[in-house]
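Colleague: here is my input; please provide its structure:
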Amino acid sequence: MENKKPFDILFVEDEDALRENYVRYLKRHFRNVYEAEDGEKAYKIYKEKKPHILIIDINIPKINGLELLRKIREYDHTTKAIMLTAQSGNNDLLEAVSLKLTKYLIKPVTRDELKGALNLAVDELSNFDVLSKKILFLKDQFSWDYNSRELFQNNEPIILTNKERKILSLILSNISKTFTYDEIIYYVWADDNDEDKSDALKTIIKNLRKKLPYDTIVNVYGSGYKIEIT
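Modeller: Numbering: from 1, shown residues only. Purely as a prediction, here's the structure:
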């Protein structure tokens with residue numbers, strides 16, 4: 001049996017039977033497969049799960065496929081996107097291409113055609129580095145740029161003090177880890193060991209929480225702090 005590829009897919013299609021058929025096929029070949037029948041649900045899943053590959057039908061309810069991908073591309077130019085459509089209209093095609101598609105497929109799509117498009121997406125993910133910005137997406141339209149060490153909401157920068165930036169950089173460097181109080185204090189005040197910095201740390205964390213979505217920084221009792229992004 002073929003090993004599953006270590007990538008996650010979001011499949012967006014409003015025709016139930018067609019979606020179920022595709023999802024069943026995809027689950028045999030990929031690690032996780034998420035599904036949605038409309039654009040609003042798809043966008044919510046995208047923000048929560050951060051799939052590597054999107055397969056989106058253009059004609060879906062609530063938010064159509066082009067609008068959905070346009071929203072995603074405001075922040076994210078690295079997730080691979082395959083667009084499905086029942087029409088071959090030039091306007092849709094031109095706009096879809098501008099949204100950095102891996103492939104544009106005309107329905108009905110055969111499994112061989114879908115497999116070919118997925119192979120392209122997997123090849124891009126496996127063999128090419130994206131050298132632009134490395135972005136972590138948080139809740140409520142917040143994002144963190146690892147390269148510039150900047151926090152944004154709706155693409156607008158949030159002003160941080162130097163110590164707030166250092167703490168946020170540290171705890172966002174490994175979102176699965178709880179950083180101890182001592183680790184954070186040493187990282188921020190390495191050259192200043194004259195007095196206890198516990199109260200200063202609490203104050204900075206309190207101020208940082210006001211600049212972030214609710215419950216982004218979690219206090220692990222008796223241990224330290226960690227990030228909760230969903």
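Colleague: domains for this protein, by residue range?
Modeller: With domains defined by automatic domain parsing, the chain comprises 5-127, 135-227.
Colleague: can you redo those as TSV with mean pLDDT?
Modeller: Formatted as TSV, the domains of the chain follow (pLDDT from 0 to 100):
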stretch	mean pLDDT
domain 5-127	88
domain 135-227	88
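Colleague: any idea which of those domains is most buried?
Modeller: Of all the domains of the chain, domain 5-127 has the most neighbours on average by mean count of other Cβ atoms under 10 Å, namely a mean of 17. Glycine gets a C-beta too; all of them are placed from N, C-alpha and C.
Colleague: quick check: end-to-end length of that domain?
Modeller: Start and end residues of domain 5-127 are separated by 14 Å (Cα to Cα, to the nearest Å).
Colleague: hang on, Leu54 is in a helix, isn't it?
Modeller: No. Counting by DSSP: H, G, I helix; E, B strand; the rest coil, Leu54 falls outside a helix, being strand.
Colleague: helix or strand for the nearest residue to it once chain neighbours are set aside, which one?
Modeller: Distances taken as Cβ to Cβ, 6 or more residues apart in numbering put Ala81 closest to Leu54, at 4.6 Å, once the chain neighbours are dropped. Ala81 belongs to strand 80-85 when assigned by DSSP states H and E.
Colleague: name the residues that touch that strand?
Modeller: Residues from elsewhere that reach strand 80-85 (Cβ atoms under 8 Å, 6 or more residues apart in numbering): 13, 52-59, 65-66, 69, 72, 92, 96, 99-107, 109, 114, 117-118, 121, 124-125.
Colleague: in helices only, show me the residues you listed.
Modeller: Using DSSP state H to define helices, the subset of the contacts of strand 80-85 located there is Gly65, Leu66, Leu69, Ile72, Asp92, Ala96, Leu114, Ala117, Leu118, Ala121, Glu124, Leu125.
Colleague: just name the closest of those residues to Lys197, please.
Modeller: Comparing the ones in helices among the contacts of strand 80-85 against Lys197 with Cβ to Cβ places Ile72 closest, at 40.4 Å.
Colleague: which residues touch the closest residue in space to the closest one that isn't next to it in sequence?
Modeller: Residue nearest to Ile72 in three dimensions, not counting chain neighbours: Tyr46, with 6.2 Å by Cβ to Cβ, 6+ apart. Contacts for Tyr46 were tallied using Cβ under 8 Å, 6+ apart; they are Leu10, Leu54, Ile72, Thr79.
Colleague: can you dump the C-alpha atoms of the helix or strand where Tyr46 lies in CSV for me?
Modeller: Using DSSP H and E, Tyr46 sits in helix 39-49. Extracted in CSV, the C-alpha atoms of helix 39-49 (Å, rounded to 0.1, in the frame of the first residue of the first chain):
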residue,chain,number,x,y,z
GLY,A,39,-16.7,29.4,1.4
GLU,A,40,-17.3,30.6,5.0
LYS,A,41,-16.8,27.1,6.5
ALA,A,42,-13.7,26.6,4.2
TYR,A,43,-12.1,29.9,5.4
LYS,A,44,-12.7,28.9,9.1
ILE,A,45,-11.1,25.5,8.5
TYR,A,46,-8.2,27.1,6.6
LYS,A,47,-7.5,29.4,9.6
GLU,A,48,-7.7,26.6,12.1
LYS,A,49,-5.9,23.8,10.3
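Colleague: quick one, that helix and helix 65-73 angle?
Modeller: Relative orientation of helix 39-49 and helix 65-73, computed by axes from the mean of the first three to the mean of the last three Cα atoms, to 10 degrees: 30 degrees.
Colleague: ok now helix 39-49, how far from the chain's centre?
Modeller: When distances are taken as Cα atoms, centre = their mean, to the nearest Å, helix 39-49 is centred 10 Å away from the chain's centroid.
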